[in-house]
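J.: 3D model of this:
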Amino acid sequence: MDVVARAAEEHAEKKLLRAGASRVVSPYQIGGMRMLMSILKPAVVNLFEVVLEQAEFNIDLEEFQVDERSPYHGKRLVDTDIRKDLNLIVIAVKRKDGEMVFNPGAETVIEGHDTLITMGNRDMLDQCMRKASAEGLS
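T.: Predicted coordinates for the structure are as follows:
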């Protein structure tokens, strides 16, 4: 179970982690970073605002774990329907050991327990999630 704690001051993060929090969030740090990014990379910030805040575009970010019984397990990205049929963008693959593969290439092999971080149409994301979880398999 993840325990997320809010830290109002920078030095509180270590204490909260020692107390058992899995993750510590600092609203002031997040706000400051967002202001900086709005100045330095306004188009990037705008993209994420569109994806995360405007349901009218039907675009979403999602993460889901691949089951070992999934048809995706053991296949290269190019050999799946993720890009060519579902038209989803795989932003990253988080491996079971925690390694993060950003912008995975077509030859990247998907393994059981990998977490796929994807972006695209909500309906297509839902289809991909069902296949990744091997939902409906006996």
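J.: Lowest mean pLDDT among the helices and strands of this structure, which one is it?
T.: helix 42-53 (a mean of 80; mean pLDDT, DSSP states H and E).
J.: Which residues belonging to the helix or strand hosting Asp126 are considered buried?
T.: Assigned by DSSP states H and E, Asp126 belongs to helix 122-132. Going by neighbour count (16 or more other C-beta atoms under 10 Å), the buried part of helix 122-132 is 124-125, 127-129, 131-132. The C-beta positions use only the backbone N, C-alpha and C, and glycine is treated the same way.
J.: same check, this time on stretch 67-82
T.: For stretch 67-82, by 16+ other C-beta under 10 Å, it's 67, 70, 72-73, 75, 77, 80-82.
J.: what residues does whichever strand or helix holds Ala5 touch?
T.: Using DSSP H and E, Ala5 falls within strand 4-6. Contacts to strand 4-6, defined as C-beta atoms under 8 Å, 6 or more residues apart in numbering, come from residues 16, 19, 21-27.
J.: Just to be sure, Ala92 is in a strand?
T.: Yes - counting by DSSP: H, G, I helix; E, B strand; the rest coil, Ala92 is found in a strand.
J.: Can you get me the start-to-end distance on stretch 53-69?
T.: The straight-line separation of the ends of stretch 53-69 (C-alpha to C-alpha, to the nearest Å) is 34 Å.
J.: ok, now stretch 110-128?
T.: Stretch 110-128 has an end-to-end distance of 13 Å (C-alpha to C-alpha).
J.: who touches it?
T.: With C-beta under 8 Å, 6+ apart, stretch 110-128 has contacts from 51, 58-70, 72-77, 80, 82, 86-96, 132.
J.: Then stretch 90-108?
T.: By C-beta under 8 Å, 6+ apart, the surrounding residues in contact with stretch 90-108 are 61, 63, 76-78, 82-83, 110-119.
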